[in-house]
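Could you look at this predicted model? Sequence included:
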Amino acid sequence: MKFETLDAWLHHIEGLHAQTIDLGLDRMETMLKRLDIRFKCPVFTVGGTNGKGSTCAFIESALLAGGYSVGVHTSPHLIHFNERVRINGEDAKDEELIRQFEKVEAAREDMTLSYFEYTLLGILLLFAEKNLDAVVLEIGLGGRLDAVNTVEPSVSVITSIGIDHTAYLGTTRESIGWEKAHIYRPGKPAICADANPPITVEQYADKIGAELLIIGKNFKFEHVHGSKTWNFLGSRGELKGLPLPTMPGEHQLSNASGAFEALQCMQDKLPLKREAFESALKNTRITGRFSKVRNAPEVYLDVGHNPHAAKELAKTLSELPKATCQAAVFGMLSDKDRTQVCQIMASSFDKWYVSDLHGPRGGTAKDLCAMLGEAGVPQEKIRTFKTVEEALQQALEEAQETDRIVTFGSFLTVASAIEFLKERVGRN
């Protein structure tokens with residue numbers, strides 16, 4: 001079976017499997033053998049509740065600055081599927097992905113694969129074909145039963161452990177930590193950039209004999225509030241007087257530290273000079289990680305969609321210079337912990353422009369309005385909209401140049417805002 005366009009292939013892939021999310025390793029293990037996918041180069045596997053994308057980007061940026069060829073797989077994408085696949089800093093081309101999907105289609109025979117499994121196999125084939133110096137893979141969901149976990153890592157990183165995807169991973173940090181810890185491997189570096197990991201992470205690492213390295217215990221960072229430099233004190237070496245990451249927020253120092261610890265663990269195979277680490281800090285940017293996309297008024301985009309991310313967002317906002325008016329453009333999926341996020345963010349904004357999100361998991365503005373009210377936000381400060389585009393347009397029309405607008409709550413919320421802002425620029 002062949003399709004002419006990437007969109008046609010993705011439509012085909014979406015309809016193959018009965019379940020959108022179907023955790024398990026059997027199908028992937030069978031397909032990896034059929035396609036003979038293996039890597040001789042170091043593989044960095046990155047899991048965690050929040051910070052995965054940033055950590056992958058720090059690793060990628062440092063390796064590229066060191067002159068290495070690198071393939072990176074992250075998910076989900078914001079606008080185009082190709083964002084999930086970067087080779088040497090560039091998104092993969094449609095024709096490259098189509099060529100690999102044709103191989104997966106031929107090899108799967110009558111086996112049905114989930115969207116994530118099928119596309120991951122195509123991406124892995126592409127990476128293997130490129131004969132790269134390093135591969136960086138972001139776990140999709142959890143760890144133990146995630147498709148990415150069928151690829152043998154050289155070093156594994158857990159960025160943070162919070163409450164999310166409870167239907168699949170359990171409702172406690174202990175159960176979620178245990179699921180995520182399964183990306184660790186016996187005798188290999190097992191990095192945890194969460195300073196307070198649940199005991200299950202340590203128990204699992206000890207059980208399998210992984211080299212567990214915990215931030216604050218085996219490696220750490222030092223930063224004095226207000227200082228423009230920071231120190232990374234790794235288990236295998238120190239880097240002092242580093243520039244702060246371009247991406248704002250103290251949590252990015254944790255993400256960078258986890259990435260740098262992983263890189264130092266691979267120094268025998270991928271040696272890097274100090275300049276590569278500095279370059280990663282200066283040049284790593286990801287759309288939607290509290291990224292500023294406009295001035296006067298300031299407009300920020302943040303994909304944070306769970307309580308852990310909300311706490312980081314609230315903290316980051318509290319450290320910014322005070323705006324005349326700080327407004328939220330807000331939409332969340334119905335299967336996320338919306339009540340907790342509303343409680344955490346309630347005092348951060350002067351105005352709320354709340355939107356429906358559409359689709360099978362979409363949440364309503366009406367529900368968010370009620371949750372914000374329960375969190376103590378006066379109803380006169382909240383307005384509801386059918387779309388993110390309408391909410392953001394109204395926020396921009398009412399904003400003064402000294403105001404700040406923050407769009408957050410979901411990848412879908414941020415994606416809609418990006419498309420709207422792009423069209424608005426085009427019209428102007």
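Alright, I've got the coordinates.

only C-alpha atoms for contact and neighbour calcs from this point on.
Fine.

Where does the prediction get shaky in the stretch 201-350 of the chain?
Filtered on pLDDT under 70, the stretch 201-350 of the chain yields no residues whatsoever.

now do 90
Where the stretch 201-350 of the chain drops to pLDDT under 90, the residues are 225-226, 248-250.

For it, just list every one of the strands.
With DSSP state E, counting those that start in this stretch as the criterion, the stretch 201-350 of the chain has strands at 211-214, 220-222, 229-234, 237-243, 291-294, 298-302, 326-330.

Find the one among those with the highest mean neighbour count.
A comparison of those by mean neighbour count, using mean count of other CA atoms under 10 Å, puts strand 326-330 on top with a mean of 25.

Tell me what angle that one forms with strand 298-302.
Between strand 326-330 and strand 298-302, the angle comes out at 40 degrees (axes from the mean of the first three to the mean of the last three CA atoms, to 10 degrees).

could I get the strands of the stretch 201-350 of the chain as CSV with distance to G162?
Output for the strands of the stretch 201-350 of the chain, formatted as CSV (distance: least, CA to CA, whole Å):
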stretch, distance to G162
strand 211-214, 16
strand 220-222, 20
strand 229-234, 24
strand 237-243, 28
strand 291-294, 22
strand 298-302, 17
strand 326-330, 21
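
Tell me how many other residues crowd the closest residue to S334 other than its chain neighbours.
Leaving out its chain neighbours, the residue that sits closest to S334 by CA to CA, 6 or more residues apart in numbering is G363, at 4.3 Å. Counted with other CA atoms under 10 Å, the neighbours of G363 add up to 20.

about what we covered before: how about the strands of the stretch 201-350 of the chain, which one is nearest E179?
Between E179 and these, the shortest gap by CA to CA is with strand 211-214, which sits at 15.7 Å.

Tabulate the CA atom coordinates of the closest one in CSV.
The C-alpha trace of strand 211-214 is given here as CSV (Å, rounded to 0.1, in the frame of the first residue of the first chain):
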residue,chain,number,x,y,z
GLU,A,211,23.9,3.5,38.4
LEU,A,212,21.4,5.9,40.0
LEU,A,213,22.5,9.5,39.9
ILE,A,214,20.0,11.9,41.7
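
sorry, back to before: and the strands of the stretch 201-350 of the chain: which comes nearest P271?
Taking the strands of the stretch 201-350 of the chain one by one with CA to CA, strand 237-243 is closest: 12.5 Å.

Outside of the closest one itself, list whatever touches it.
With contacts defined as CA atoms under 8 Å, 6 or more residues apart in numbering, strand 237-243 is touched by 228-233, 264, 274, 278, 281-282.

So what touches stretch 128-140?
So stretch 128-140 is contacted by 37-39, 41-48, 52-53, 56, 59-60, 68-75, 127, 146-149 (CA under 8 Å, 6+ apart).

Give the buried residues for that stretch.
128, 132-140 (16 or more other CA atoms under 10 Å).

Then stretch 23-35?
Neighbour-count burial for stretch 23-35 flags 23, 25, 27-28, 31-32, 35 (criterion: 16+ other CA under 10 Å).

now stretch 388-406
Buried, per 16+ other CA under 10 Å, within stretch 388-406: 388-393, 395-396, 399, 403-406.

swap in stretch 332-343?
Within stretch 332-343, the residues that count as buried by 16+ other CA under 10 Å are 332-333, 336-343.

Straight-line length of that stretch, end to end?
14 Å (CA to CA, to the nearest Å).

Which residues does that stretch contact?
Contacts of stretch 332-343 (CA under 8 Å, 6+ apart): 164-165, 305-307, 310, 356-357, 361-364, 368, 371-372, 375-376, 409-410, 413.

Give me the buried subset of these.
Among the contacts of stretch 332-343, the ones that count as buried by 16+ other CA under 10 Å are 164-165, 305-307, 310, 356-357, 363-364, 368, 371-372, 375, 409-410, 413.

got the domain boundaries for the chain?
Using automatic domain parsing, the domain parsing of the chain gives 6-283, 291-427.

quick one on the thing from earlier: restricted to helices, list the buried residues of stretch 388-406.
If you go by DSSP state H, those have 388-393, 395-396 in helices.

between those residues, which is nearest A107?
So of these, ranked by how close each gets to A107 (CA to CA), first place is V388, at 41.0 Å.

which residues pair with the closest residue in space to that closest one that isn't next to it in sequence across the strands?
Once flanking residues are discounted, V388 sits nearest to S355: 5.4 Å by CA to CA, 6+ apart. Beta bridges link S355 to F385, judged by DSSP bridges.

Pretty sure S355 sits against F385.
Yes - at 4.7 Å, S355 and F385 qualify as touching, with contact defined as CA atoms under 8 Å.

So if I had to pick from the two, which one is more boxed in?
Using other CA under 10 Å, the more surrounded residue of S355 and F385 is S355, with 27 against 21.

mind listing what that one touches?
329-331, 364-365, 384-388, 391.

Looking at it now. What's its pLDDT?
pLDDT for S355: 98.

quick one on the thing from earlier: and for S355 and F385, which residues touch both?
365, 391.

H77 and E250, how far apart?
H77 is 25 Å from E250, where distance means CA to CA.

List the contacts of the residue sitting furthest away from the middle of the chain.
Residue farthest from the centre of the chain, counting by CA atoms, centre = their mean, is E380 at 34.0 Å. When the contact criterion is CA under 8 Å, 6+ apart, E380 has no partners at all.

From D350, how far off is it?
From E380 to D350 the distance is 10 Å (CA to CA).

residue boundaries of the helices in the stretch 1-150 of the chain?
Applying DSSP state H, counting those that start in this stretch to the stretch 1-150 of the chain gives helices spanning 6-14, 26-35, 52-65, 94-108, 115-130.

Same check on the stretch 301-428 of the chain?
Here the stretch 301-428 of the chain has its helices, by DSSP H, counting those that start in this stretch, at 307-318, 338-345, 365-374, 388-398, 411-427.

got the ones you listed as CSV, with distance to G177 columns?
Output for the helices of the stretch 301-428 of the chain, formatted as CSV (distance: least, CA to CA, whole Å):
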stretch, distance to G177
helix 307-318, 14
helix 338-345, 20
helix 365-374, 28
helix 388-398, 33
helix 411-427, 23
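
what's the closest of the ones you listed to D7?
Closest to D7 of the helices of the stretch 301-428 of the chain, according to CA to CA: helix 411-427, at 17.6 Å.

Name the residues that touch the closest one?
76, 78-79, 288, 301-305, 330-332, 357, 388-389, 392, 407-408.
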